[in-house]
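**Q** coords below, sequence missing:
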């Protein structure tokens, strides 16, 4: 993906459909428990957050459905690409997530995976509320209208 200049982050993968399917309520940064070959594969950009989510269970948070392709140069140390990965959060953060996901309509979804400025893999997760179909249609219509207005503004700027 690329490195964000202002944050010093290298975004490895993003969950593009999350912002389309959910209203984002709160964002949290979490570490991920990975093996050596998984981090090498992740650094080469071979990961996907599509259809993944976070589940809080027994005082721990787990990332379910994240796909990290096996490392080409790995050997017996390669693990299952779809395995459940533990998220590294403080106990208070996990307890807060458990309470929030207990409320009806709230879920926790990963937004992006990235390397911070020290080269450590992190996942940005968000407490989110699902959108209804008509909400999605309204958002698409608003984006289209904004795009058309921007196009007209650019056109008038070139003429003047």
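**A** Structure received. Since we're looking at a predicted model, the values are computed, not measured. Residues are numbered from 1 along each chain as shown.
**Q** Distance from the helix ranked longest in the chain to the middle of the chain?
**A** As assigned by DSSP state H, the longest helix anywhere in the chain is helix 133-159. Centroid displacement of helix 133-159 relative to its chain, using Cα atoms, centre = their mean, to the nearest Å, is 26 Å.
**Q** pLDDT averaged over it - what is it?
**A** Across helix 133-159, the average pLDDT comes to 85.
**Q** Same question for stretch 42-55.
**A** Taken as a whole, stretch 42-55 has an average pLDDT of 90.
**Q** do stretch 90-110 as well
**A** The model assigns stretch 90-110 a mean pLDDT of 90.
**Q** now the end-to-end length of that stretch.
**A** One end of stretch 90-110 sits 17 Å from the other (Cα to Cα, to the nearest Å).
**Q** what comes up buried for it?
**A** Buried residues in stretch 90-110, counted by 16 or more other Cβ atoms under 10 Å: 93-94, 96-97, 100-101, 106-110. Glycine gets a C-beta too; all of them are placed from N, C-alpha and C.
**Q** could I get the residues you listed as a markdown table with distance to residue 51 and secondary structure?
**A** Listed next are the buried residues of stretch 90-110 as a markdown table, based on distance: Cβ to Cβ, whole Å; DSSP: H, G, I helix; E, B strand; the rest coil:
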| residue | distance to residue 51 | secondary structure |
| --- | --- | --- |
| 93 | 24 | helix |
| 94 | 23 | helix |
| 96 | 25 | helix |
| 97 | 20 | helix |
| 100 | 21 | helix |
| 101 | 18 | helix |
| 106 | 18 | strand |
| 107 | 13 | strand |
| 108 | 14 | strand |
| 109 | 10 | strand |
| 110 | 10 | strand |
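**Q** Which helix or which strand is home to the residue nearest the centre of the chain?
**A** By Cα atoms, centre = their mean, the chain has its centre lying nearest to residue 111, at 1.8 Å. Secondary structure from DSSP states H and E places residue 111 in strand 106-115.
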